[in-house]
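Undergrad: I would like to see how this sequence folds:
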Amino acid sequence: MKIRLDIEYAGEKFYGWQRQTGLTTVQSTIENAIHAVLGNRFYPTLFVAGRTDTGVHALNQVAHFEIPELIWNIDIAKLAKAINFYLHGKGVVIKKAERVANDFHARFSAKQREYMYVIYNNPVNSIFLENRAWFVQQKLDIDAMSAAASMLQGVHDFSAFRSSQCSSTRTVRTIDSVNVRKKGSFVIINIKSRAFLHNQVRIMVGTMKQIASGEKKLGIIGELFENKDRKQAGQTAPACGLYFVGCVF
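TA: This is a model prediction of the structure:
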């Protein structure tokens, strides 16, 4: 039996999603909580729609795990509440738990993933936004940022927009949409695609920010698709402003 979990977490509490020896991660924290609920009979392995790095948040991350037939008699309706009891105070919560079809896979069934990046563009930072947004003092040209966003949409080779640790052998990605909007002092960027390269969203945002601040010209986007040079792209935006929004299945 497969169980889907919808998860929300604060990224500053964790060294990313993926289980790592000796470090507090989202995956290991939830797996330990499930194990505490189900007892010695079972230790789960979670599969996730998108692994996040240290400091990255999630509004609705999707994961799944399988329960052996021997404990199929658990009450799924009460499972989220039971897991959350062991997650209390740890920076992560299970929003929903439900049984799904056997062919469901959190990673491979996802048709689209959405990330949101939040910039706090204001002369003075807010203490309440610490670890939750990228504080940028310099004035940003939202029209220039929106123009850059339009150029990033579509099918391109994003070699210049990935980290040196990226292990993907395929660098061509299809960006379904990049939307930029300003709400008061906040600049909010939503990016949708079926799949992303490692740090792709943060490098895209860093490049857009430098175009909006006048540090780079708009034409750099097309040049980066051609020269594939990471060093010519913008900075990697801080993890604190990035949120995994959700998936379309």
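Undergrad: what about the chain, any weak spots by pLDDT?
TA: The model of the chain has pLDDT under 70 over residues 40, 70, 72.
Undergrad: break down it into its helices, ranges please.
TA: Remark: helices assigned in the chain by DSSP state H are 26-38, 76-87, 142-152, 200-212, 220-227.
Undergrad: most packed of those?
TA: Stretch with highest mean neighbour count among these: helix 200-212 (a mean of 25; mean count of other C-beta atoms under 10 Å). Glycine gets a C-beta too; all of them are placed from N, C-alpha and C.
Undergrad: quick one: that one to chain centroid distance?
TA: 16 Å (C-alpha atoms, centre = their mean, to the nearest Å).
Undergrad: ok, back up a step: closest to Phe65 out of the helices of the chain?
TA: Shortest distance between Phe65 and the helices of the chain, using C-beta to C-beta, is found for helix 26-38: 7.0 Å.
Undergrad: that closest one packs against which elements?
TA: Judged by 3 or more C-beta pairs under 8 Å, 6 or more residues apart in numbering; DSSP states H and E, the packing partners of helix 26-38 are strand 2-9, strand 57-66, helix 76-87, strand 92-100.
Undergrad: need the ones you listed in JSON lines (columns: distance to Lys111).
TA: Output for these, formatted as JSON lines (distance: least, C-beta to C-beta, whole Å):
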{"stretch": "strand 2-9", "distance to Lys111": "15"}
{"stretch": "strand 57-66", "distance to Lys111": "12"}
{"stretch": "helix 76-87", "distance to Lys111": "24"}
{"stretch": "strand 92-100", "distance to Lys111": "15"}
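Undergrad: among these, which is nearest Tyr115?
TA: strand 57-66 (9.8 Å).
Undergrad: tell me what angle that closest one forms with helix 26-38.
TA: 50 degrees (axes from the mean of the first three to the mean of the last three C-alpha atoms, to 10 degrees).
Undergrad: re earlier: wait, which of the helices and strands packed on helix 26-38 is closest to Arg170?
TA: strand 57-66 (23.0 Å).
Undergrad: need the contact partners of that closest one.
TA: Applying C-beta atoms under 8 Å, 6 or more residues apart in numbering, the contact partners of strand 57-66 are 1-11, 17, 26-27, 30-31, 34, 44-50, 52, 95, 100, 104-106, 110, 116, 132, 242-247, 249.
Undergrad: chain center to that strand, what's the gap?
TA: Using C-alpha atoms, centre = their mean, the offset of strand 57-66 from its chain centre is 10 Å.
Undergrad: just stretch 189-197 next, same as before
TA: With C-alpha atoms, centre = their mean, you get 9 Å for stretch 189-197.
Undergrad: list the buried residues for it?
TA: 189-193, 196-197 (16 or more other C-beta atoms under 10 Å).
Undergrad: and if you look at stretch 62-80?
TA: 62-65, 67, 74, 79-80.
Undergrad: gap between the two ends of that stretch?
TA: 13 Å (C-alpha to C-alpha, to the nearest Å).
Undergrad: may I have the beta-bridge partners of Ala97?
TA: Leu5 (DSSP bridges).
Undergrad: quick one: it and Arg4 touch, right?
TA: Yes: here Ala97 reaches Arg4: they are 7.2 Å apart, a contact under C-beta atoms under 8 Å.
Undergrad: quick one: the longest strand seen in the chain to helix 200-212, angle?
TA: The residue-count maximum for a strand in the chain (DSSP state E) belongs to strand 172-183. Counting by the same axes, to 10 degrees, strand 172-183 lies at 50 degrees to helix 200-212.
Undergrad: oh, and call the first residue 8 from now on, that's how I've got it
TA: Noted, 8 is the first residue going forward, which turns the last one into strand 179-190.
Undergrad: what's the offset of strand 179-190 from the middle of its chain?
TA: On C-alpha atoms, centre = their mean, the centre of strand 179-190 falls 14 Å from that of its chain.
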